[in-house]
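Asker: Predicted model follows, preceded by the sequence.
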Amino acid sequence: MVCLWAFFLPVQLPAFTEGQDLSFALSDLVLVAGLAITFSSLTLRRGIWSPWHFAIPICLALSALFVGPLNRYSVANKVLGMVVLLATYLFITSNVWTWSEIARVVRAFFAGMVLLSLLAIIRYSLDIDIPFTYCQTCDVRLIGFMSDPNLYGSLLVVAIAAYVALDGSRLAVVRPALRWPSIVILVSALALSSSRSAWLALIAVVAVALAMRKRSGLPSLWGGIGVAVGVGLLMGSGRLSQLTELAGRTHSIDSRVALIDHGVAAFLENPMVGIGLGNSHERYGQIIHNTLLWIAAELGVVGLIIFGGFLVWLAFRLADAAVGAPMGHRPMVIFLIMGNAAMLVFSLSVEAFYQRHWWMLFALTACASALAANDDHARAATAELADRPV
């Protein structure tokens, strides 16, 4: 069920949420079924949860109730949305107990991204429509089966991170015969999304790969980029000029700068607790497209402390996993570092804290840390027994 949830992450359903500022994904249906099926085995595992996990929804609820505005957006999108994400975290961490199960979830996510991106590119190229999905022919930007090209781009970057980190190991996400087709599909989809935020996140993936000397997957990535560029040239000058114009668009930059100004002003208005959950959406008609600034504006210093504490806790979990993981599973830890680094960079220009795939990375990071700790204890116990006199 967790693998099925991960497979359907890149599919959102507009029929349920169109015009309501809500995001409903096909994986949410799997989550409900999975929680019902595994209800008796759901557990708050030691080392997996922290006080920050509980402080986040409490902070959001108190801000909505006492700072405001208390409306459908703040309650449904922010408070209940966070409850769903924490339920997702509980669902994953309660059912993923081994390194092999972490690898299965990552492979399921990667398979879903490749197959659905291939279908999206075919649909985009042939200019056809598929019922009950978001419009893909109404814009030059590829959005897959998501509602937004930037969010789709971030999913692609996480999938590419899995390819780069795990390539050449026994944990590889794809068979050797499908390596090139897979990376070409993902890179082509990323290029067609024209998401500059996702492109910057991809730079973070490459930087981590170079820093951690995990370079076996990079040649395929460069080759995939080369093929994507070649295909772009074959698409014709008209479409290529559109994509080039999108990559260099300035109006969106101006809009982001204006939102940054609004966010700074909102924070200075009430530095301690912010202007209230959802109030930036109420005032400006859209959310602030920077996770840190959004939290500062709406939740103030209190929210920043909680968010910062959660990220520091996560960083320690990554460090524990990197130190304690068995050698054969180190590539999985590198993927988790890449994925979280990419999403952190992505969050600088898009509000990313509510994205399901980042919470998948949070959950798998916690699971990997717990497994690494168990492996450390087992090695210590074995060494102690070996040192005892017969």
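Answerer: Arrived safely.
Asker: Name all residues that make contact with Val206.
Answerer: Listed by Cβ atoms under 8 Å, 6 or more residues apart in numbering, the contact set of Val206 reads 164, 218, 221. For the C-beta atoms, the positions are set from N, CA and C on the backbone; glycine is no exception.
Asker: Wait, a helix at it?
Answerer: Yes: assessed by DSSP: H, G, I helix; E, B strand; the rest coil, Val206 belongs to a helix.
Asker: Kindly provide the distance from it to Gly300.
Answerer: Distance of Val206 to Gly300, computed by Cβ to Cβ, to the nearest Å: 35 Å.
Asker: repeat for Pro331
Answerer: 40 Å.
Asker: go on, Trp359?
Answerer: 23 Å.
Asker: Among the two, which residue is more densely surrounded?
Answerer: Taking other Cβ atoms under 10 Å, Trp359 and Gly300 do not tie; Gly300 has more neighbours (23 against 20).
Asker: what about the residue lying closest to that one once chain neighbours are set aside, which SS state?
Answerer: Distance criterion Cβ to Cβ, 6 or more residues apart in numbering; nearest residue to Gly300, sequence neighbours excluded, is Gly274 at 3.7 Å. Here Gly274 is recorded as coil under three-state DSSP.
Asker: was I right about Gly274 contacting Glu298?
Answerer: Yes: between Gly274 and Glu298 there is a contact at 4.6 Å, judged by Cβ atoms under 8 Å.
Asker: any weak-confidence spans in the stretch 201-350 of the chain?
Answerer: The model of the stretch 201-350 of the chain has pLDDT under 70 over residues 231-256.
Asker: just the helices in it please.
Answerer: 218-234, 237-247, 251-269, 279-284, 291-324, 330-346 (DSSP state H, counting those that start in this stretch).
Asker: Counting by contacts, list what the first one packs against.
Answerer: Okay, so that is helix 218-234. helix 149-166, helix 179-193, helix 196-211, helix 237-247 (3 or more Cβ pairs under 8 Å, 6 or more residues apart in numbering; DSSP states H and E).
Asker: Apply 7 Å and report the result again.
Answerer: With contacts taken as 3 or more Cβ pairs under 7 Å, 6 or more residues apart in numbering; DSSP states H and E, helix 218-234 sits against helix 149-166, helix 179-193, helix 237-247.
Asker: what do you get for the last one?
Answerer: Taking 3+ Cβ pairs under 7 Å, 6+ apart as the contact definition, the neighbouring helices and strands of helix 330-346 are helix 99-126, helix 149-166, helix 196-211, helix 291-324, helix 356-387.
Asker: residues near Arg196, how many?
Answerer: Using other Cβ under 10 Å, Arg196 has 17 other residues around it.
Asker: for Asp167, same thing?
Answerer: 24.
Asker: which residues touch His53?
Answerer: Taking Cβ atoms under 7 Å, 6 or more residues apart in numbering, we find His53 in contact with Leu86.
Asker: Backbone torsions only: list them for Val96.
Answerer: Phi and psi for Val96, reported as degrees, to the nearest 10, are phi -110, psi 110.
Asker: of Gly274 and Glu298, who's got more company?
Answerer: When neighbours are counted by other Cβ under 10 Å, Gly274 and Glu298 differ, and Glu298 comes out ahead with 29 against 26.
Asker: ok now do that one, which residues does it touch?
Answerer: Per Cβ under 7 Å, 6+ apart, neighbours of Glu298: 63, 274-277, 279-280.
Asker: most surrounded residue in those?
Answerer: Top of these by neighbour count (other Cβ under 10 Å): Leu277, with 29 neighbours.
Asker: List the contacts of that one.
Answerer: By Cβ under 7 Å, 6+ apart, the contact set of Leu277 is 60, 63-64, 67, 74, 78, 298-299.
Asker: SS state for Arg45?
Answerer: Quick answer, by three-state DSSP: Arg45 is coil.
Asker: quick one: contacts for it?
Answerer: 93, 370.
Asker: do the same with the one 3 residues further on
Answerer: Ile48 makes contacts with 93, 366-367, 370, as judged by Cβ under 7 Å, 6+ apart.
Asker: try Leu178
Answerer: Leu178 neighbours (Cβ under 7 Å, 6+ apart): none.
Asker: please redo it, this time with the cut-off set to 10 Å
Answerer: Taking Cβ atoms under 10 Å, 6 or more residues apart in numbering, we find Leu178 in contact with 111, 114, 185.
Asker: Kindly report the same for Phe91.
Answerer: So Phe91 contacts 1-2, 5, 30-32, 34-35, 38, 42, 363 (Cβ under 10 Å, 6+ apart).
Asker: again, only this time at 8 Å
Answerer: Contact analysis of Phe91 by Cβ under 8 Å, 6+ apart lists 1-2, 5, 31, 34-35, 38, 42.
Asker: Torsion angles phi and psi at Trp98?
Answerer: Residue 98: Thr, not Trp. The phi/psi pair for Thr98 (degrees, to the nearest 10) is phi -130, psi 160.
Asker: can you tell me how far Ala103 sits from Leu126?
Answerer: In this view, Ala103 and Leu126 are 35 Å apart by Cβ to Cβ.
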